[in-house]
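[1] I'll drop the sequence and a predicted model, then ask my questions.
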Amino acid sequence: MQSPLEIRLAGGSVPTEGRIEVRHHSVWGTVCDDDFTETAASVICRSLKFGGPAEARKNGAFGSGVGQIWLDQLLCVGNESSLGECLHSDWGQHNCRHDEDAAVVCSAGDVVQPLDQLPAVVPVVPVVQSTSDILPADCGARDMDLFDVDDRKQRVIGGGEVIQGSYPWQASVRVRTAVKSVHWCGAVVISPLHVLTAGHCLQDYTKEAYFVRVGDYDAEADDGTEQEINIDEIYFHEEFNRGVRLNNDIALIKLKSRGIRLGVGIQPICLPPSDLLYSPGLNCTISGWGSVKSAGSG
């Protein structure tokens, strides 16, 4: 059994606050604040035996550490008993400086007992099949036209909730944790065996940590229409991240087994021809499970 990860808080004026430091291979180091959330802060405070609410602090709020930065891209779902159960980039792999050291402010509440460790989801290993036609002829079909032209606006942040089934090609790339899975990035179905997503979405964890969910509408509830498929292969664009940062940020996912069962509410999208010219002012639609308002907008 893996021993609990050793954690301490440094730089605070009281024991319940400070910069997060973890011990790995007998060396103390810090945690980068990239994607650091209140959920991760709660796991850290609970592992330190502090109950009650927890606050995440960023940008070296309790001073910059020195030496090793151990963890980056920390992902917790909130039910972990220790930081060691959360997903993160490989030890020591980061793109951070010490002025990005993460910190927490814990509540001096009652001591809480850690939750029992739950087993991780074990990926199935079905028979892999290939496809002779990656782009079905009947792509791009909705059950009905659910659009009002007046609702089409040029926006990403500030979008609105859509009618269920209006984007039947919408998929979710999800990440497994020890207790549940979480939505990680949006993707799009292009065939029963293939989905497209952004390349940077598949860099932080091993292939086995990801899977694809289709037929989903409410990411936090069971809609009864979801299908979950494990990933067989990931193919990054051959020029991904060369030159300009995140250049050619696209990846093709090949799914395991028979892939996706197409039907009502789950259909592939049509891809444009390779020689299509994208003229200025071309209307585009973006869908997914992103924010509908910008941070601090109330």
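    Happy to help now that I have it.
[2] So which residue is dead centre in this structure?
    The chain has residue 184 as the residue nearest its centroid, 2.1 Å off, counting by CA atoms, centre = their mean.
[3] And the one helix or strand residue 173 maps to, what does it pack against?
    Here residue 173 sits within strand 170-176, counting by DSSP states H and E. Strand 170-176 is packed against strand 181-191, strand 194-197, strand 210-214, with contacts defined by 3 or more CB pairs under 8 Å, 6 or more residues apart in numbering; DSSP states H and E. Quick note: C-beta positions are derived from backbone N, CA and C, even for glycine.
[4] Report whether the expected contact of residue 92 with residue 31 is present.
    No - the criterion here is CB atoms under 8 Å, and residue 92 misses it with residue 31 at 11.9 Å.
[5] Sheet-wise, list the partners of the strand holding residue 173 with their directions.
    strand 181-191 (antiparallel), strand 210-214 (antiparallel) (DSSP bridges).
[6] Point out the most buried one among those strands.
    Compared across the strands paired with strand 170-176, strand 210-214 shows the largest average neighbour count, a mean of 23 (mean count of other CB atoms under 10 Å).
[7] which non-adjacent residue is nearest the residue nearest to the centre of the chain?
    residue 175 (4.6 Å; CB to CB, 6 or more residues apart in numbering).
[8] Please list all residues in contact with that neighbour.
    Each residue near residue 175 by CB atoms under 8 Å, 6 or more residues apart in numbering is listed here: 75, 87, 181, 182, 184, 205, 209, 210.
[9] where does residue 263 land on pLDDT?
    On pLDDT, residue 263 comes in at 89.
[10] and the gap between it and residue 181?
    Going from residue 263 to residue 181 by CB to CB, to the nearest Å gives 23 Å.
[11] Strands along this protein, start to end?
    6-10, 17-24, 27-31, 54-57, 69-71, 103-106, 170-176, 181-191, 194-197, 210-214, 227-236, 251-255 (DSSP state E).
[12] Out of those, which is the most enclosed?
    Highest mean neighbour count of the strands of the chain: strand 103-106, a mean of 26 (counted as mean count of other CB under 10 Å).
[13] name the helices or strands packed onto that strand?
    If contacts are counted by 3+ CB pairs under 8 Å, 6+ apart, strand 103-106 sits against strand 6-10, strand 17-24, helix 38-47, strand 54-57.
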